[in-house]
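*Asks:* Can you look at this prediction? I've put the sequence above it.
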Amino acid sequence: MVDDATRARAARAGDAARAGDAARAADAATRQRVAALRTAIEHHRYRYYVLDDPEVSDAEFDRLIGELRALEEAHPELDHPDSPTHKVGAPPDPAFTPVAHRERMLSLDNVFEAAELDAWFDRVERGLDGAQPTYTAELKVDGVAISLSYVDGWFARAVTRGDGRTGEDITAGARTIEAIPAVLDLRDPPALLEVRGEVYFPVAAFEEMNRAREQAGQERFANPRNAASGALRQKDPRVTATRPLSMVCHGRGVIEGVTLPDHPAFLALLADAGLPVAHETRTGLDRRAVHDFVAHWAEHRHDPDYEIDGAVVKVESFAQQRQLGATSAAPRWAIAVKYPPEERETRLRDIAVNIGRTGKANPYAVLEPVLVSGSTVSTATLHNEDQVALKDVRPGDVVIARKAGDVIPEVVGAVTSKRPPEVAEAGPWRFPTECPFCASPIERLEGEAASYCTNLDCPSRKLEALEHFASRGAMDIDGFGSETARLLLDLGMVGQFADVYHLDRDALLALEGWGEKKTDNLLAAIEASKEQPLERLLFALGIPHVGGTVAGLLARHFGDLDTLRQASEEEIGAVDGVGPVIAQAVRQFFDNPRTAEQVDRLVAAGVRTDTDLGAGTAERTLEGWTVVITGSLEGSTRDEAKQAVVDRGGKVTSSVSKSTSVVVVGDSPGSKADKARELGVPVVDEDGFAALLATGALPEGATDGPAAAPADEG
Ligand code: IVH
């Protein structure tokens, strides 16, 4: 509804916009009424045409239009080409048309430590010929950067940051955000006011929404920023309107019609105008006070209702800002102080063991869900028996969780000072001796850290094998995710992966929720997967030690499946990049009657058995990429992984820098993963790496870096 306050604001804004009119044919009351009518009509047009949810009857709407038209006819000086009386039909389609920013939306340079911040202060003061400026300190909100334009006090447009020069028009979605006023609450609004800020999804609402989604069997949103970005970029603003988005403003674009001395004056204007500003902001600070601000919020980063990833320090005076200028990407008068990767305490509910596709028993932590570095973490790998022993984490412990490279959840260790007495008494956790899925014995092999379930038919193993078979980088069967795999396994419709190619259409149609469309889509995806080249098939088979890299080496060397199957262990081991361990595993796989039969059935079903990789060549899918590999990979040695990148035209370097395209993170990754996060370089795990090698593109979820997702950078 248009409330009285809005009407009053609109009235004052309209009033003020025309305050300069010399000829005052219309009295103040009339001008106020015209302004109020325009606000109300725009509001109702929007409810009607865009949200499809009108608040007033058509008759009432027509009455408002009629009244406005009559007033404009009686007082032509009040008429305006933008008046709703001159508009016909629906507002423009809310497709995301590109809009050039009148002034570039710059980024910020980062520092990570107090000493670096001091070095920045020194640079600033040198740039100001020794003057000591005052500073504003703000929180760095991890949201979606947008730019709002107000023309004569009226909200005119919202544009995403895009690449900084051109963004996308998201006006329709932005109109649904309550924090963004339709009219500025100023007696004398500037002719043009461009305001920059961050749209965010409030953390509490985010967690609540995810709980509800989980209960409804829907997928969780990864983190509040993605949820905000997704909501804002809905084609249908009615969907945006259902999300509790909010906004804080922190910067200016082009301003016409008002001159301001400094940043605090700008923030005060925003607050007066009814625009949302962060109340944590502190102005008039010296160096010492800035350090205190940064330190305080590092300790209290979870207090605000938005996610923050640092603080932003700005020279206040606009004259001094001009004097300092900007580099090509960032102003010299502002700096972001980034906080270290987050570590959060949470309760370790349990240590569970999963059986992977090779039978390997993987212990993992079941955590009380906790928001870490922007997404909820509820499980984290514990790698193997030795790792659990080393960390001595026990169910019931308070543990510290963080994300390696901001991507892969891990448990750092237990907070022993908070260990409950009964947990202390229970002693260290013991690795199970029986498989939790099939009760078969679990055995640890001599000289290996890993333990294995001894049952080849272990249901967990089968499920994992099946999921892997259908995954991206393998046979890439769309619609065959873990849910489908589990369902079909539980119903006995598939047992081994060759069964995937013998699914019965009628049996699928008989399943609950499986209509013709879903069924036929899946069958079509399965049919299409038969065309995957040999290297994908070899990877999909799940032969121990054969990851995407080795699969490519084998496919390229042998050219087709039959030649490989007939090759001796020595011949296989002689392939460049393939050692005796892999050769033995491959030979065993094809010699084992059970697995050999699976392969025969796949061939009989018509899967492709030759390769796209000519001898000595690989598709140069990684031309121009610089890749850093850290931690140990399961499916290949470091050298093989490097070779795979080089074969595809990419480059492998050992240290992470801004020009790194992607960091591949294996087990126990170390500091390179953290460095990647600091620099905003995308990080992928081993499966993501396989997908990257296969497709030449980063899988979803890895594109956290600014270069890859500029529109979402916060
Ligand atoms: S000022 C020209 N202040 O962080 C300076 N930016 O990593 C423009 N951000 O592009 C930025 N909170 O989208 C500023 N208090 C704050 C901020 C902030 C979040 C975002 C902004 C910027 C990005 C740089």
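*Replies:* Structure's in. What do you need?
*Asks:* Surely residue 346 is within a strand?
*Replies:* Yes. Under DSSP: H, G, I helix; E, B strand; the rest coil, residue 346 sits within a strand.
*Asks:* what about it, distance to the ligand?
*Replies:* Taking Cβ to the nearest ligand atom, to the nearest Å as the measure, residue 346 falls 27 Å from the ligand. All C-beta spots, glycine's among them, are computed from the backbone N, C-alpha and C.
*Asks:* Enumerate the residues of the chain near the ligand.
*Replies:* Residues of the chain found near the ligand, taking Cβ under 6 Å from any ligand atom as the criterion, are 106-108, 138, 140-141, 145, 198, 250-251, 312, 331, 334, 336, 714.
*Asks:* The nearest residue to residue 637 once chain neighbours are set aside and the ligand: what is the separation?
*Replies:* Using Cβ to Cβ, 6 or more residues apart in numbering and skipping residues adjacent in sequence, the residue nearest residue 637 is residue 579, 7.7 Å away. Using Cβ to the nearest ligand atom, we find residue 579 at a distance of 45 Å from the ligand.
*Asks:* wait, isn't residue 579 in contact with residue 569?
*Replies:* No. Between residue 579 and residue 569 there is no contact under Cβ atoms under 8 Å: 11.3 Å.
*Asks:* Angles on the backbone of the residue nearest to residue 637, please.
*Replies:* phi -100, psi -180 (degrees, to the nearest 10).
*Asks:* What about residue 232, how many residues nearby?
*Replies:* Using other Cβ atoms under 10 Å, residue 232 has 27 other residues around it.
*Asks:* could you point out where the stretch 301-450 of the chain is predicted with low confidence?
*Replies:* Of all residues in the stretch 301-450 of the chain, those with pLDDT under 70 make up the ranges 404-407.
*Asks:* if we can go back for a sec, got a PyMOL select line for the buried ones in the residues of the chain next to the ligand?
*Replies:* To isolate the buried ones among those in PyMOL, judged by 16 or more other Cβ atoms under 10 Å, type:
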select buried, resi 106+107+108+138+140+141+145+198+250+251+312+331+334+336+714
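*Asks:* so who does the residue lying closest to residue 177 once chain neighbours are set aside touch?
*Replies:* In space, and not counting its chain neighbours, residue 177 is closest to residue 245: 4.9 Å by Cβ to Cβ, 6+ apart. Residues counted as contacts of residue 245 (Cβ atoms under 8 Å, 6 or more residues apart in numbering) are 176, 177, 179, 199, 200, 201, 228, 231, 232.
*Asks:* Check which helices and strands the host helix or strand of residue 403 is in contact with.
*Replies:* Using DSSP states H and E, the element containing residue 403 is strand 398-404. Contact analysis of strand 398-404 by 3 or more Cβ pairs under 8 Å, 6 or more residues apart in numbering; DSSP states H and E lists strand 344-355, strand 360-372, strand 375-381, strand 408-414 as its packing neighbours.
*Asks:* any chance of the ones you listed in TSV, plus distance to residue 431?
*Replies:* Formatted as TSV, the helices and strands packed on strand 398-404 follow (distance: least, Cβ to Cβ, whole Å):
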stretch	distance to residue 431
strand 344-355	8
strand 360-372	7
strand 375-381	14
strand 408-414	16
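*Asks:* for residue 659, phi and psi?
*Replies:* With angles defined as degrees, to the nearest 10, residue 659 sits at phi -90, psi 0.
*Asks:* Go ahead and confirm it touches residue 626.
*Replies:* Yes. The pair residue 659 / residue 626 is scored as a contact, 5.9 Å apart, by Cβ under 8 Å.
*Asks:* so where do the helices sit in the stretch 401-550 of the chain?
*Replies:* Using DSSP state H, counting those that start in this stretch, the helices of the stretch 401-550 of the chain run over 421-426, 459-470, 482-490, 505-509, 516-529, 534-540, 548-558.
*Asks:* oh, I was asking about the stretch 101-250 of the chain
*Replies:* Ranges of helices in the stretch 101-250 of the chain, per DSSP H, counting those that start in this stretch, are 114-127, 171-175, 203-215, 224-232, 237-241.
*Asks:* Could you tell me what pLDDT the model assigned to residue 530?
*Replies:* pLDDT, residue 530: 96.
*Asks:* can you tell me how far it sits from the ligand?
*Replies:* Using Cβ to the nearest ligand atom, residue 530 is found at 46 Å from the ligand.
*Asks:* does that residue really touch residue 604, like I thought?
*Replies:* No. If you go by Cβ under 8 Å, residue 530 and residue 604 don't touch, sitting 11.4 Å apart.
*Asks:* Comparing these two, which shows the higher neighbour count?
*Replies:* Ranked by neighbour count (other Cβ under 10 Å), residue 530 and residue 604 place residue 530 first, with 14 against 11.
*Asks:* re the thing from before, just the pLDDT for the residue nearest to residue 637.
*Replies:* Per-residue confidence for residue 579 comes out at a pLDDT of 86.
*Asks:* So it versus residue 652, what's the distance?
*Replies:* In this view, residue 579 and residue 652 are 19 Å apart by Cβ to Cβ, to the nearest Å.
*Asks:* got it, and residue 386?
*Replies:* Distance, residue 386 to residue 652, by Cβ to Cβ: 29 Å.
*Asks:* And for residue 503?
*Replies:* Going from residue 503 to residue 652 by Cβ to Cβ gives 41 Å.
*Asks:* Looking at the two, which is more packed in?
*Replies:* Applying other Cβ under 10 Å to residue 503 and residue 652 shows that residue 652 carries more neighbours, namely 18 against 15.
*Asks:* Return the backbone torsion pair for the nearest residue to the more buried one once chain neighbours are set aside.
*Replies:* Take residue 652 and drop its neighbours on the chain: the residue closest to it by Cβ to Cβ, 6+ apart is residue 642, 4.6 Å away. The phi/psi pair for residue 642 (degrees, to the nearest 10) reads phi -60, psi -50.
*Asks:* Tell me the secondary structure at the residue of the stretch 251-400 of the chain found nearest the ligand.
*Replies:* With Cβ to the nearest ligand atom, the shortest gap between the stretch 251-400 of the chain and the ligand falls at residue 312, namely 4.0 Å. Secondary structure, three-state DSSP: residue 312 is strand.
*Asks:* Flag the shaky bits of the protein, pLDDT-wise.
*Replies:* Across the chain, the ranges flagged by pLDDT under 70 are 1-25, 48-53, 87-95, 220, 222, 404-407, 614-618, 669, 700-714.
*Asks:* show me what contacts residue 692?
*Replies:* Contact analysis of residue 692 by Cβ under 8 Å, 6+ apart lists 622, 662, 664, 684, 698, 699.
*Asks:* Tell me which of those residues fall in strands.
*Replies:* With DSSP state E as the criterion, strands contain 662, 664, 684 from among those.
*Asks:* now those residues as CSV including neighbour count?
*Replies:* As requested, the ones in strands among the contacts of residue 692 are exported to CSV (neighbours: other Cβ atoms under 10 Å):
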residue, neighbour count
662, 26
664, 28
684, 23
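*Asks:* out of those residues, which one sits closest to the ligand?
*Replies:* Nearest to the ligand, judged by Cβ to the nearest ligand atom, of the ones in strands among the contacts of residue 692 is residue 662 at 20.1 Å.
*Asks:* so what's residue 114 closest to, chain neighbours aside?
*Replies:* Excluding its sequence neighbours, the residue lying closest to residue 114 (Cβ to Cβ, 6+ apart) is residue 291, at 6.2 Å.
*Asks:* check which helix or strand covers the one you found.
*Replies:* For residue 291, the host element (DSSP H and E) is helix 287-299.
*Asks:* Only C-alpha atoms, please: export that helix in CSV.
*Replies:* Provided in CSV are the C-alpha atoms of helix 287-299 (Å, rounded to 0.1, in the frame of the first residue of the first chain):
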residue,chain,number,x,y,z
ARG,A,287,44.9,6.2,11.9
ARG,A,288,44.7,4.8,15.4
ALA,A,289,40.9,4.9,15.4
VAL,A,290,40.8,3.2,12.0
HIS,A,291,42.9,0.3,13.4
ASP,A,292,40.6,0.0,16.4
PHE,A,293,37.6,-0.2,14.1
VAL,A,294,39.2,-2.9,11.9
ALA,A,295,40.2,-4.9,15.0
HIS,A,296,36.8,-4.5,16.6
TRP,A,297,34.8,-5.8,13.6
ALA,A,298,37.3,-8.7,13.0
GLU,A,299,36.1,-9.9,16.4
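*Asks:* Thanks a lot, see you next time.
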